[in-house]
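In: take a look and give me a structure for this.
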Amino acid sequence: MDYKGKRILVVGMARSGIAAAKLLAARGALPVCQDDRAQGAFGDKLSELYSLNCEMHMGESVLPLIDGIDAVVVSPAVPLSSPLITECKKRGIYVIGELELGFQLMNGELVAITGTNGKTTTTTLLGEIFKNHGDITHVVGNIGYPITAAALQSRDKDIFVCEVSSFQMETSDTFHPRAAAILNITEDHLNRHGDMETYINMKMRMFENMGKDDVAVFNRDDAVCRELSKRVNAKVWFFSRKEPVPAGAFVEDGYIVVRKKDGQTFRVCETTELQIPGAHNLENALAAAALAFAMDIPPAVIRHTMRTFKGVEHRIEFVRELWGVRYINDSKGTNVDASIQAVRAMERPSVIILGGSDKHSDFAPLVSEMKKNPCLKAAVTIGATAQQIEAALSAQGFTQFERAADMKDAVLKCRAFASDGWNVLLSPACASFDMFSDYEQRGRVFKEIVNSME
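Out: This next block holds a predicted model:
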């Protein structure tokens, strides 16, 4: 769509909405900006939009604004079932998300990563590989930096490394990566999508426009991903911790190895050289290596990055050691499977903080994993799901748990449980919205509390 001179309604003035409005204005469109919150809630964050002559409707209802609108750009927070999208479809108004808009208006090549867990680590690691190769690289998408913000400044040879969520794919149309990976599929976001089939279909939309000259990378060790690899038109590569693959990345004799379809095979580095702990992070590294090699990045560059990458904030992040107790921030553990990976990574006696807002998850698999790892000694529960988690713990005979009123109380209760040689692990297995604005704020609060202790 040519947006020049068109009235484009941008719904939601969070970071991505503001960036989308700026990009549209720069491309000659007439942005109409709406948010349910009043202008006073934004401070000076909207000042540039006013200077760009955007039409502003803060604190107003959105439905009356769609008269005379040529297209609508919605926040990922707006579900397909919303009255707005329903009405737009009825009127034939083009509706897309901020991710799709950024793709349409960016310059450069796109590499994309999706999956239930590991997206942020893999996206960040892959971004570092491209940067170390000397490419102008934009790490964007669900990771927190809007693709529309990067598109505003992009040039033809730039690289976009994009973390993609199922929410973003609901409103995508032409999105087309040159290389893309799906890391894993486990139960998540059923409160939004309703069932696993819909959730998986949203993930797979990322591959719909890819063709025979593109590379789609799948986790060979994940049964669901293996099956999904049959649904794409692109060249299929795999990554695996367990066996060699015809093309992609795998582990052999303790080394990460990359291989192309023509048989070119290179050792990258020893698995023990990775700075990020856990089997799940080895899988993330393999996925990043496969994508980088598919994009013709030399193995030497991949090797250097693998050896130096320290991980991302809020993902099994070491915070501090005090009186022999190590405090670990895994606030990005926003679902059961993510917290299972954190539990598996614990190699010292540990007490875990669990709980948050409800995503209709089954906590039984997490408790089962806690029972399997003898290092998991105790749990402290918080938030809206505390009672559900306690019921799951009791059902499997995990009786060493206690409820906390808030994060500070949880940290103090963990400190009472722990002693020299222990870990205190924040890995909630839940979203954060009952107590915090997002998982990042939750992680920062945890770290502030831990760092203030004496």
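
In: what number of residues lie near Lys230?
Out: Neighbour count for Lys230, taken as other Cβ atoms under 10 Å: 8. The C-beta positions use only the backbone N, C-alpha and C, and glycine is treated the same way.

In: what are the phi and psi angles of Ile143?
Out: phi -70, psi -20 (degrees, to the nearest 10).

In: surely it and Thr124 touch.
Out: Yes: the criterion here is Cβ atoms under 8 Å, and Ile143 meets it with Thr124 at 7.1 Å.

In: quick one, strands of the stretch 351-454 of the chain?
Out: Secondary structure of the stretch 351-454 of the chain, counting by DSSP state E, counting those that start in this stretch: strands at 376-381, 401-403, 423-426.

In: list the contacts for Cys33?
Out: By Cβ atoms under 8 Å, 6 or more residues apart in numbering, the contact list for Cys33 reads Val10, Met13, Gly17, Ala21, Leu46, Leu49, Cys54, Glu55, Met56, His57, Met58.

In: helix/strand/coil for Asn284?
Out: Three-state assignment for Asn284 (DSSP: H, G, I helix; E, B strand; the rest coil): helix.

In: what distance do you get for it to Asn373?
Out: Asn284 sits at a distance of 20 Å from Asn373 (criterion: Cβ to Cβ, to the nearest Å).

In: more crowded one of the two?
Out: For Asn284 versus Asn373, neighbours defined as other Cβ under 10 Å are more numerous around Asn284 (32 against 15).

In: now for that one: which residues touch it?
Out: Gly118, Thr121, Thr122, Leu125, Leu183, Ile276.

In: the third one against Ile113, yeah?
Out: Yes: counting by Cβ under 8 Å, Thr122 sits close enough to Ile113 to count as a contact (5.1 Å).

In: out of those two, which sits in the busier spot?
Out: Ile113 (32 against 26).

In: now the more buried one. Its backbone dihedrals?
Out: Backbone torsions of Ile113, given as degrees, to the nearest 10, read phi -130, psi 130.

In: that one and Ala216, how far apart?
Out: 12 Å.

In: now the common contact residues for the two.
Out: Residues touching both Ile113 and Ala216 (Cβ under 8 Å, 6+ apart) are Ala180, Ala181.

In: can you give me the strands for the stretch 1-150 of the chain?
Out: Going by DSSP E, counting those that start in this stretch, the stretch 1-150 of the chain shows strands at 7-11, 30-35, 55-58, 71-74, 94-97, 109-114, 137-141.

In: how distant is the last one from the center of its chain?
Out: Yep, that's strand 137-141 we're talking about. Strand 137-141 sits 12 Å away from the centroid of its parent chain (Cα atoms, centre = their mean, to the nearest Å).

In: flag the shaky bits of the stretch 51-200 of the chain, pLDDT-wise.
Out: Within the stretch 51-200 of the chain, the ranges that satisfy pLDDT under 70 run 187-194.

In: where along it do the helices fall?
Out: 83-91, 98-105, 119-132, 147-151, 166-169, 190-193, 196-204 (DSSP state H, counting those that start in this stretch).

In: who are the packing partners of the fifth one?
Out: In other words, helix 166-169. helix 98-105, helix 190-193, helix 196-204 (3 or more Cβ pairs under 8 Å, 6 or more residues apart in numbering; DSSP states H and E).

In: neighbours of Pro428, just the number please.
Out: Counted with other Cβ under 10 Å, Pro428 comes out at 32.

In: for the strands of the stretch 351-454 of the chain, which one ends up most surrounded?
Out: Of all the strands of the stretch 351-454 of the chain, strand 423-426 carries the top mean neighbour count, a mean of 27, counting by mean count of other Cβ atoms under 10 Å.

In: from the contact counts, what lies against that strand?
Out: strand 325-329, strand 350-354, helix 407-417, helix 439-452.

In: just to revisit the earlier point, the helices of the stretch 51-200 of the chain: which one's closest to Met306?
Out: helix 119-132 (8.0 Å; Cβ to Cβ).

In: tilt between the closest one and strand 109-114?
Out: Angle, helix 119-132 to strand 109-114, by axes from the mean of the first three to the mean of the last three Cα atoms, to 10 degrees: 160 degrees.

In: from the contacts of Cys33, pick the one nearest Ser240.
Out: Nearest to Ser240 out of these is Gly17 (Cβ to Cβ; 39.5 Å).

In: the closest residue to that closest one other than its chain neighbours: what's it in contact with?
Out: Distance criterion Cβ to Cβ, 6 or more residues apart in numbering; nearest residue to Gly17, sequence neighbours excluded, is Val10 at 5.4 Å. Counting by Cβ under 8 Å, 6+ apart, Val10 makes contact with Gly17, Ala20, Ala21, Leu24, Pro31, Val32, Cys33, Gln34, Val72, Val73.

In: how about a cut-off of 6 Å?
Out: By Cβ atoms under 6 Å, 6 or more residues apart in numbering, the contact list for Val10 reads Gly17, Ala20, Ala21, Pro31, Cys33, Val73.

In: of the helices of the stretch 51-200 of the chain, which is nearest Glu317?
Out: helix 119-132 (10.8 Å).

In: export the closest one to CSV, keeping only CA atoms.
Out: What follows is helix 119-132, C-alpha atoms only, in CSV (Å, rounded to 0.1, in the frame of the first residue of the first chain):
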residue,chain,number,x,y,z
LYS,A,119,13.5,-15.8,21.2
THR,A,120,15.1,-12.9,23.0
THR,A,121,18.4,-14.7,23.7
THR,A,122,18.6,-16.0,20.1
THR,A,123,17.7,-12.7,18.5
THR,A,124,20.2,-10.8,20.6
LEU,A,125,23.0,-13.4,19.9
LEU,A,126,22.3,-13.3,16.2
GLY,A,127,22.3,-9.5,16.2
GLU,A,128,25.7,-9.6,17.8
ILE,A,129,27.0,-12.0,15.1
PHE,A,130,25.9,-9.6,12.4
LYS,A,131,27.4,-6.6,14.2
ASN,A,132,30.7,-8.5,14.6
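
In: chain center to that helix, what's the gap?
Out: On Cα atoms, centre = their mean, the centre of helix 119-132 falls 13 Å from the chain's centre.
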